[in-house]
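Chemist: can you look at this prediction? I've put the sequence above it.
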Amino acid sequence: MIEIISHPGPDRSVTLQGLKEYKVYSRRYRNRRIGEFLKDLHLTEGRNTGFRKIINSLQVNGSPLPEFETDEAHDYFVTRLFIREGFYEEGENGGSTTLKLPPNDMQEMIIELMKINPNITRKEIADKIGLTVDGARYHIKKLTDKGKIKYVGTSRNGHWEVKNEE
């Protein structure tokens with residue numbers, strides 16, 4: 001488990017109920033100048049997509065949902081991320097070794113989604129990973145250009161084929 005603690009806690013607009021239901025919408029920047037600066041550097045989007053991206057990425061990876069905690073006064077914020085089942089297996093000499101690293105970038109997550117559902121749409125990919133449709137289209141084009149995936153059929157009746165990596 002990874003535990004991240006932040007002081008002070010979340011913005012007052014973030015409710016305990018919203019955290020439990022994974023529906024978190026902060027309505028304002030705490031420090032508008034820093035928020036705009038990070039947005040200009042493309043380090044944040046400023047569109048309240050962070051929580052959705054975390055939840056979607058964990059689901060694609062097969063990891064358990066995180067736990068979020070704060071107090072009524074919003075003095076602290078705790079995030080707990082859990083290791084997915086099967087991440088470790090028993091090694092030959094009794095130690096634990098990793099089975100497989102989780103997908104480490106958007107393109108690997110897209111490939112995994114296409115393997116699970118070859119009929120998945122760009123919009124569904126974007127929603128699951130927390131991208132815009134244009135963002136999903138960009139990564140899909142990169143994968144197509146690399147020869148890792150191919151779309152077969154018409155736009156209404158087609159499907160994705162993932163090329164075997166050799």
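Modeler: Happy to help now that I have it.

Chemist: switch to C-alpha atoms for all contacts and neighbour counts from now on
Modeler: Noted.

Chemist: which residues are contacting stretch 54-74?
Modeler: 8-12, 16, 19-20, 22, 76-85, 102-103, 109, 112-113, 128-130 (CA atoms under 8 Å, 6 or more residues apart in numbering).

Chemist: show me which of the residues you listed are buried.
Modeler: Neighbour counting by 16 or more other CA atoms under 10 Å classes 9-11, 16, 19, 22, 77-78, 81, 84, 102, 109, 112-113, 128-130 among the contacts of stretch 54-74 as buried.

Chemist: so of the contacts of stretch 54-74, which ones are in strands?
Modeler: 77, 78, 79, 80, 81 (DSSP state E).

Chemist: next step: the buried ones among the contacts of stretch 54-74 restricted to helices.
Modeler: 16, 19, 109, 112, 113, 128, 129 (DSSP state H).

Chemist: quick check: which element contains the residue lying closest to the second one once chain neighbours are set aside?
Modeler: Beyond its immediate neighbours in the sequence, the residue positioned closest to residue 19 (CA to CA, 6 or more residues apart in numbering) is residue 68, lying 6.2 Å away. Following DSSP states H and E, the helix or strand that holds residue 68 is strand 67-70.

Chemist: just the CA trace of stretch 116-129, in PDB.
Modeler: The C-alpha atoms that make up stretch 116-129 are tabulated as PDB, following Å, rounded to 0.1, in the frame of the first residue of the first chain:
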ATOM      1  CA  ILE A 116     -10.100  -6.900 -23.800                       C
ATOM      2  CA  ASN A 117     -12.600  -5.400 -26.200                       C
ATOM      3  CA  PRO A 118     -11.600  -5.300 -29.900                       C
ATOM      4  CA  ASN A 119     -14.900  -3.300 -30.600                       C
ATOM      5  CA  ILE A 120     -14.100  -0.500 -28.200                       C
ATOM      6  CA  THR A 121     -14.600   3.000 -29.600                       C
ATOM      7  CA  ARG A 122     -12.300   6.000 -29.300                       C
ATOM      8  CA  LYS A 123     -14.800   7.700 -27.000                       C
ATOM      9  CA  GLU A 124     -14.900   4.600 -24.700                       C
ATOM     10  CA  ILE A 125     -11.100   4.500 -24.600                       C
ATOM     11  CA  ALA A 126     -11.000   8.300 -23.800                       C
ATOM     12  CA  ASP A 127     -13.500   7.800 -21.000                       C
ATOM     13  CA  LYS A 128     -11.800   4.800 -19.400                       C
ATOM     14  CA  ILE A 129      -8.400   6.400 -19.400                       C
END
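
Chemist: great, nothing more from me.
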